[in-house]
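Asks: Could you work out the structure for the sequence below:
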Amino acid sequence: MEQQTQARALVDQGNTLLNEGEIMPAAAAFAEAVQIEPNEVGGHLGLAEANLALGVPSTVYLASRQVQLLAPNTADADLARAITLIMDRRYDAALPELDSAAARDPGRAYIHALRGFCLRRLGHTYDAVQADGKARRLSSGVDFTALLPKADALPPTQLATQSGPPSPYSGPPPETRPWSERSEVQRQAVRMRFALRNVPVLTYALIAINVLIYIACAIQAGDLLSPATVTGDVPIYDYGVQIGALMQNDPIQWYRVVTAMFLHLNYIHIGLNMLSLFFVGVPTERIFGRWRFLLIYFATGIAGGLVQYFFTPPNVPSLGASGAIFGIFGAFGAFIVLRRQFLRGGNAIIGQWLFWLAINLYFDFSQSQLNIGTADHIGGVVAGFILGAILIPPLTRIVRSR
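Replies: Residues are numbered from 1 along each chain as shown. Model prediction:
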């Protein structure tokens, strides 16, 4: 009885260390627990979890096998099987096991963190974000980054040679050579990549680029509030705004369709555009993923510029990121319309989308004399809706907690 109590105390200590990201000390605590009490399921499962994060296949397989032998037909056994499959990079096969574990123990945050990891590796960004959010809510904000497997911790050939029938389990986890042999620069790169995996980097980068270009224009014009209305030599505007007459006479001038996307008329114009980009860009980038988001941004911005070219007098300049931003609006609208049955409060989200869309359109028509580019906006939102419907990420099966 005393041994069981001591082993369980060590398991609790190991779980606390895992939640704090102290993987090696946690693994040592779990190893000591199973040495004291070989039938302690929590110790074996903790070793499997810790060594999955460390990238040590042999210990993962052995510890997971012990969990399945000691506690069959339980959430622990389902989770152990999933950990083994994740170690083999069989993420599609691991998901049903994690779904089963979540159904049996819906309050265990680590299960949902692993689901998010598998979904992200399979390219299902939106579902991965949902799973990550659930893991954080259930754990009161624990960051599971350190507990997730490191990308390409072992080459596939090495995984294959170590995935045979397990021998009887004994002893603490072996040395974690794949991670320790990496340079400090490589380790920092891995940590940074995992830390930024849920950050809408491209949205923030686009906002920063637009603001910096506006500041540069204001410095050239000597007017922070409305630099585009200043008469005189402002080269960024002279060479960047979209002017149909120049584009008609010189094919090289078609670059203006892109450069005009980063120019703004005044502080109201850029302020509303960047606020809109922040509100709609953050969820859209997380839903579609960074590279599809970037494709939507530039493709719809160019499409809006082309529409503007055909519907604006050739001697009238036009500028603004609104075509691209309206494209993001359109892509987000396509997602919430086509996936509203899977969203909690889907109708409310559609209402918010229409509200921001209406504000931007009102600004367009109320300020139409400033040539900000209403046709550009309409072309962008239509192109964004179509492209969003094409690039919409697939939904995986949703298992509801019972």
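
Asks: how about low-confidence regions in the protein?
Replies: Applying pLDDT under 70 to the chain picks out residues 1-4, 151-198, 231-232, 341-349, 360-374, 394-402.

Asks: at 80 what do you get?
Replies: Scanning the chain for pLDDT under 80 picks out 1-7, 19-21, 36-37, 56, 140-144, 146, 150-199, 229-233, 339-377, 393-402.

Asks: So which residues of the stretch 101-250 of the chain form helices?
Replies: Ranges of helices in the stretch 101-250 of the chain, per DSSP state H, counting those that start in this stretch, are 109-121, 125-138, 156-161, 177-180, 184-195, 201-221, 235-240, 244-249.

Asks: Determine which stretch of these is the most buried.
Replies: helix 109-121 (a mean of 24; mean count of other C-beta atoms under 10 Å). Every residue, glycine included, has its C-beta placed from N, CA and C.

Asks: Pull the residues that contact it.
Replies: With C-beta atoms under 8 Å, 6 or more residues apart in numbering as the test, helix 109-121 has contacts from 49, 75, 79, 82-83, 86, 89, 91-92, 94-95, 98-99, 101-102, 105, 125, 127-132, 134-136, 138-139, 142, 144, 147-149, 197, 396.

Asks: could the helices of the stretch 101-250 of the chain be laid out in JSON lines, adding distance to residue 45?
Replies: Listed next are these as JSON lines, based on distance: least, C-beta to C-beta, whole Å:
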{"stretch": "helix 109-121", "distance to residue 45": "10"}
{"stretch": "helix 125-138", "distance to residue 45": "17"}
{"stretch": "helix 156-161", "distance to residue 45": "21"}
{"stretch": "helix 177-180", "distance to residue 45": "21"}
{"stretch": "helix 184-195", "distance to residue 45": "23"}
{"stretch": "helix 201-221", "distance to residue 45": "35"}
{"stretch": "helix 235-240", "distance to residue 45": "59"}
{"stretch": "helix 244-249", "distance to residue 45": "65"}
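
Asks: so which of these gets nearest residue 55?
Replies: For those, the distance to residue 55 is smallest for helix 177-180, at 5.1 Å, taking C-beta to C-beta.

Asks: Excluding sequence neighbours, find me the nearest residue to residue 260.
Replies: residue 242 (3.9 Å; C-beta to C-beta, 6 or more residues apart in numbering).

Asks: The one you found: neighbouring residues, count only.
Replies: 30 (other C-beta atoms under 10 Å).

Asks: Run through who's touching stretch 67-86.
Replies: Counting by C-beta under 8 Å, 6+ apart, 39, 41, 44-45, 48-49, 52, 60-61, 63-65, 91, 93-95, 97-98, 100-101, 104-105, 108, 110-111, 114, 117-118, 149 sit against stretch 67-86.

Asks: Can you list which of these are found in strands?
Replies: Judged by DSSP state E, strands contain none of these.

Asks: Could you give the number of residues near residue 359?
Replies: By other C-beta under 10 Å, the residues close to residue 359 number 13.

Asks: and residue 318, backbone torsions?
Replies: Here is the backbone geometry of residue 318 (degrees, to the nearest 10): phi -140, psi 150.

Asks: Distance of it relative to residue 244?
Replies: 8 Å (C-beta to C-beta, to the nearest Å).

Asks: okay, and the common contacts of those two?
Replies: Joint contacts of residue 318 and residue 244 (C-beta under 8 Å, 6+ apart) are residue 312.

Asks: Just give me the neighbour total for the nearest residue to residue 222 once chain neighbours are set aside.
Replies: Nearest non-adjacent residue to residue 222, counting by C-beta to C-beta, 6+ apart: residue 230, 6.8 Å away. Neighbourhood size, residue 230 [other C-beta under 10 Å]: 15.

Asks: residues contacting residue 230?
Replies: Residues near residue 230 by C-beta under 8 Å, 6+ apart: 221-223.

Asks: Could you do residue 278 as well?
Replies: 203, 207.

Asks: what angle separates the helix or strand encompassing it from helix 125-138?
Replies: Secondary structure assignment for residue 278, by DSSP states H and E: helix 267-288. If you take axes from the mean of the first three to the mean of the last three C-alpha atoms, to 10 degrees, helix 267-288 sits at 90 degrees to helix 125-138.

Asks: Now do helix 267-288: distance to the chain's middle.
Replies: 16 Å (C-alpha atoms, centre = their mean, to the nearest Å).

Asks: Could you pull out the buried residues of it?
Replies: Neighbour-count burial for helix 267-288 flags 269-270, 272-274, 276-277, 279-281, 283-288 (criterion: 16 or more other C-beta atoms under 10 Å).

Asks: now, which of those residues sits nearest residue 22?
Replies: Distance to residue 22, by C-beta to C-beta, is smallest for residue 286 among the buried residues of helix 267-288, at 29.2 Å.

Asks: out of everything not next to it in sequence, what's closest to that closest one?
Replies: residue 129 (5.1 Å).

Asks: right, and that neighbour touches residue 284 too?
Replies: No. Residue 129 is not in contact with residue 284 according to C-beta atoms under 8 Å; the separation is 11.7 Å.

Asks: quick revisit: looking at the helices of the stretch 101-250 of the chain, which is nearest to residue 27?
Replies: helix 177-180 (12.5 Å).

Asks: From residue 142, how far off is residue 120?
Replies: Where residue 142 is concerned, residue 120 sits at a distance of 18 Å (C-beta to C-beta).

Asks: Contacts only, for residue 270.
Replies: 210-211, 214, 264.

Asks: Go again with 10 Å.
Replies: Taking C-beta atoms under 10 Å, 6 or more residues apart in numbering, we find residue 270 in contact with 207, 210-211, 213-215, 217-218, 227, 263-264, 320-321.

Asks: Between those, which sits nearest residue 201?
Replies: residue 207 (11.0 Å).

Asks: My read is that that closest one contacts residue 279, right?
Replies: No. Residue 207 is not in contact with residue 279 according to C-beta atoms under 10 Å; the separation is 11.1 Å.
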